[in-house]
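Trainee: Just need the structure, nothing else, for what follows:
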Amino acid sequence: MTPLDTKITNLIQPLVVRKDLVKRVKGNAVVPTYVLEYLLSQYCTTSDEEQIESGIERILDILKQHYVHRNEGGLVRSQIREKGKPHKVIDKVRVDLNEKKDCYEATFANLDISKVIVPSDTVKQHQKLLIGGVWCLADIEYQHEEGGDSPWSLEKLKPIQKSSFDFDGYLEARRQFSTEEWIDLLLQSIGLNPEVFGDRSKMIQLTRLIPFCERNYNLIELGPKGTGKSHIYSELSPHGMLISGGEVSVPKLFVNNSTGKLGLVGYWSTVAFDEFAGKGKRVDKALVDILKNYMANKTFSRGVETLGAEASMVFVGNTQHTVPHMLKHADLFDELPSQYHDSAFLDRLHYFVPGWEVDIIRTEMFSEGFGFVVDYLSEILKTQRDDDFTQLFAPHFALSDSISTRDRDAINKTFSGMMKLLFPHREASAEDMEKVLVWAMEGRKRVKDQIVRIDETMTDVKFAYIRKSDGKEICVETLEEQQYPHVYWPDRAVPESDPEAKPTVRETSGTQPSGPNQPQELRECRLPIHENQTGIDFETLLAPYLKGASELTITDPYIRQFHQARNLMELLEAVAKQKRDDEEIKVHLVTQTADFELDAQEGFLSQIQSKVGPIGIIFTWEYDPEAHARHIITNHGWEILLDRGLDIFQRYDMNDAFSPANRMQKYRACKKFEVTFRRSDAVAE
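Mentor: Presented below is the predicted three-dimensional model:
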């Protein structure tokens, strides 16, 4: 176990489960994660391997005996009939009111039976049975009677979700972890491996949880396929409902005026629209109108009556083009149906999650560590909807007067939701709150900047806040605004970046290294690179400062693992591309030894030496246990300071030979790092 897993199991073992066990028990059962973790929480909340194995065997036996596979419904019905007594099943159950008979009747999805009488008290206790359906443990009996409507009768029904939890215990658990540890615990709780995500990517994943803990929160995420946008809303909480964007109707979502039956927003904490994007989709204008009113006012009309609800709305969809392409030719909402590509609708959105920053889901991204049982976590988040954290930052920061009321409300709600996730005990420093505030402002700014493109009557807003400790006003910018300024603001000169603009900070004492195909003037400067930024490669970032040198000394204590050795090789490739064929360049590496992988490290470096020698690069290395700085020094007057060394890229799939990120550095997402270029004589001074 990792040190974090050890700490988790020592402090909160009864509330956690090992996440890799879900895969082991799932098999081919099409059942939500929270159902499986409910069972794991009954039998496997331990770190003892023997007990875990015994618990898994018990769960597998339960699933084998009681879970109904859709293609085996007929067999299970026959077995119940022949059994002649009640049989427990795990199935998704939906209940409807039969007005003619004045009774409630259940339909079992996989068992494929209907008209099963359900007691009124059960329906009153679990009203979600009436809309969308709920996974349940149910005791079903078969008793055929001549002239009867249905031979099936329900003995007992229990929705699969925790019945109680200790919120004070949750707060006390938070106090036992640092903020970084708590974030990693939350990541593991939703099944992700925190080791493969940077700080910004972790924030993106956690933002997806805000609709569960913040009432009437409106979130949109657009990005490429396969990034797990909808997974969390269908799998990880019994309080979330995922529906296809094409299946939405006014009666289903809000209220059926003819029957008076309340829709999804009346019963679920979060309603998520899957496959929301698609320019050619037909959308009911009446739905758009009532949706806009609900998102703005938390109410909807039922004939002459106005009703309120607290369900958060989530919209997820796929994009077809790159971010710079969308910015150049349209806007970041370009993929939405025309009825939703409307400033009035978009202005109701509190946050725009940049789904293009999320990598395609790979096996290594899934956690094998311990995390909260998701059913327990979902109950915690549901309880937090009663809390209000919006004004926690007020003693330390103030939003700029230029920010409108609607923008301000959106920022406040995102700040509140993220604080509930990260600091449920309200014990956060001003620095911690500033990071959350900047994150909240960035997501709303992404919405507002695109609305300005769509609606000519709208004017862009300076998203800034005032730090009360020093009175300084700090502007917030989106990452894509920093990366693609010429297409982000196509109709005006590119503004000079605020030196303290967040999330990316630019501070230089000269011209920055330029991008591909741009003239370059080599000057001393410092260049910060933001997490998830793309378009960075050694050839354009470092090689111009190395050109003309006949000797290079690279100091990086961490050239040990395969991906680190590959980074070194790619730097040497960048050097080789700009050298003459008749020229030799000496490259010397100073690094530390890998205590337990010295043979592998030696092998990597020896292979590099043998491969680059024939192309005129004389590569040597030495081990220095005291080496800690990370820099490159040339013999023609430049020193390049690298705070992360050569390890500047986030993980990518190195086994996929057809992945552009595998073959070209500029398509890889970066870690957050800084590079400083300065002349060597400045060091001597």
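
Trainee: how close does Asn412 get to Met295?
Mentor: Asn412 is 16 Å from Met295, where distance means C-beta to C-beta, to the nearest Å. Using the backbone N, CA and C atoms, a C-beta is placed for each residue, glycine as well.

Trainee: Repeat that for Val575.
Mentor: 55 Å.

Trainee: The two: which is more packed in?
Mentor: Between Val575 and Met295, Val575 has the larger neighbour count (other C-beta atoms under 10 Å), namely 23 against 19.

Trainee: Could you look up the SS state of the more buried one?
Mentor: Recorded secondary structure, Val575: helix (DSSP: H, G, I helix; E, B strand; the rest coil).

Trainee: Test my guess that it contacts Leu546.
Mentor: Yes. Using C-beta atoms under 8 Å, Val575 is in contact with Leu546, at 5.8 Å.

Trainee: Show me whatever sits in contact with both of the two.
Mentor: Common neighbours of Val575 and Leu546 are listed as Leu552 (criterion: C-beta atoms under 8 Å, 6 or more residues apart in numbering).

Trainee: how about the nearest residue to Ser41, chain neighbours excluded?
Mentor: Closest residue in space to Ser41, ignoring its immediate chain neighbours: Val373 at 4.4 Å, by C-beta to C-beta, 6 or more residues apart in numbering.

Trainee: Val16 versus that neighbour, what's the distance?
Mentor: Applying C-beta to C-beta, the value for Val373 to Val16 is 7 Å.

Trainee: can you list residues touching both of these two?
Mentor: Thr45.

Trainee: Tell me which of the two has more neighbours.
Mentor: Val16 (27 against 23).

Trainee: which ones are touching the more buried one?
Mentor: Ile8, Thr9, Thr45, Ser189, Phe370, Gly371, Phe372, Val373.

Trainee: same thing but 6 Å
Mentor: Contacts for Val16 (C-beta atoms under 6 Å, 6 or more residues apart in numbering) come out as Ile8, Phe370, Phe372.

Trainee: Tell me the confidence at it?
Mentor: Val16 carries a pLDDT score of 88 in this model.

Trainee: what pairs with it across the strands?
Mentor: Phe372 (DSSP bridges).

Trainee: about what we covered before: let me have the contacts of Val16 in CSV, adding pLDDT as columns.
Mentor: Converted to CSV, these look like this (pLDDT from 0 to 100):
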residue, pLDDT
Ile8, 93
Phe370, 92
Phe372, 93
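
Trainee: Let me know the closest of those residues to Ser230.
Mentor: Phe372 (21.1 Å; C-beta to C-beta).

Trainee: That closest one: neighbour count?
Mentor: Other residues near Phe372 number 24, with proximity taken as other C-beta under 10 Å.

Trainee: Need the residues that contact stretch 601-615.
Mentor: Contacts for stretch 601-615 (C-beta under 6 Å, 6+ apart): Arg560, Ala565, Met569, Leu572, Ala576, Ala594, Phe619, Trp621.

Trainee: What is the burial count for the fourth one?
Mentor: Going back to what we said before, that points to Leu572. Neighbours around Leu572, by other C-beta under 10 Å: 22.

Trainee: that older thread, quick one, which of the contacts of stretch 601-615 has the minimum pLDDT?
Mentor: Within the contacts of stretch 601-615, pLDDT is lowest for Ala594, at 81.

Trainee: Please report the distance of that one from Gly603.
Mentor: From Ala594 to Gly603 the distance is 11 Å (C-beta to C-beta).

Trainee: Same check on Lys445?
Mentor: 49 Å.

Trainee: Show me which of those two is the more surrounded one.
Mentor: It is Lys445, of Lys445 and Gly603, that has more neighbours when counted by other C-beta under 10 Å, with 24 against 13.

Trainee: so what's the more buried one up against?
Mentor: Counting by C-beta under 6 Å, 6+ apart, the residues that Lys445 touches are Phe463, Thr478.

Trainee: Over to the one 10 residues further on?
Mentor: Contacts of Asp455 were listed using C-beta under 6 Å, 6+ apart, and they are Ser343.

Trainee: Distance-wise, check Ile648 relative to Val675.
Mentor: Noted for Ile648: a distance of 8 Å to Val675, by C-beta to C-beta.

Trainee: Might you list the low-confidence residue ranges for the stretch 501-650 of the chain?
Mentor: Where the stretch 501-650 of the chain drops to pLDDT under 70, the residues are 501-520.

Trainee: All the strands of it, residue numbers only.
Mentor: Applying DSSP state E, counting those that start in this stretch to the stretch 501-650 of the chain gives strands spanning 525-529, 551-555, 585-591, 617-623, 631-634, 638-642.

Trainee: what number of residues lie near the residue nearest to Lys83 when sequence neighbours are not counted?
Mentor: With sequence-adjacent residues excluded and distances taken as C-beta to C-beta, 6+ apart, Lys83 is closest to Tyr142, at 7.9 Å. Residues within reach of Tyr142, counting by other C-beta under 10 Å, total 20.

Trainee: repeat for Thr553
Mentor: 15.

Trainee: Who are the contact partners of it?
Mentor: His588, Ile633.

Trainee: List the beta-bridge partners for it.
Mentor: His588, Ile633.

Trainee: begin at 41 from here
Mentor: All right, first residue 41 from here; so that's Thr593.

Trainee: Any stretches of the stretch 391-540 of the chain with poor pLDDT?
Mentor: Looking at the stretch 391-540 of the chain by pLDDT under 70, you get 532-540.

Trainee: can you rerun that using 50?
Mentor: The model of the stretch 391-540 of the chain has pLDDT under 50 over residues 539.

Trainee: follow-up on the earlier one: isn't the residue nearest to Lys123 right next to Arg121, touching?
Mentor: Yes. Using C-beta atoms under 6 Å, Tyr182 makes contact with Arg121 at a distance of 4.5 Å.

Trainee: sec struct for Val715, please.
Mentor: Assignment for Val715 (three-state DSSP): strand.

Trainee: who does it bridge with?
Mentor: Beta bridges link Val715 to Leu567, Leu682 when assigned by DSSP bridges.

Trainee: okay, now it: neighbour count?
Mentor: Using other C-beta under 10 Å, Val715 has 23 neighbouring residues.

Trainee: Residue ranges of each domain in this structure, please.
Mentor: Listed domain ranges for the chain are 110-199, 214-412, 428-528, 565-724 (source: automatic domain parsing).

Trainee: Among the ones you listed, single out whichever gets nearest to Leu61.
Mentor: domain 214-412 (9.2 Å).

Trainee: the longest helix in this protein is where?
Mentor: Longest helix in the chain, counting residues (DSSP state H): helix 470-494.
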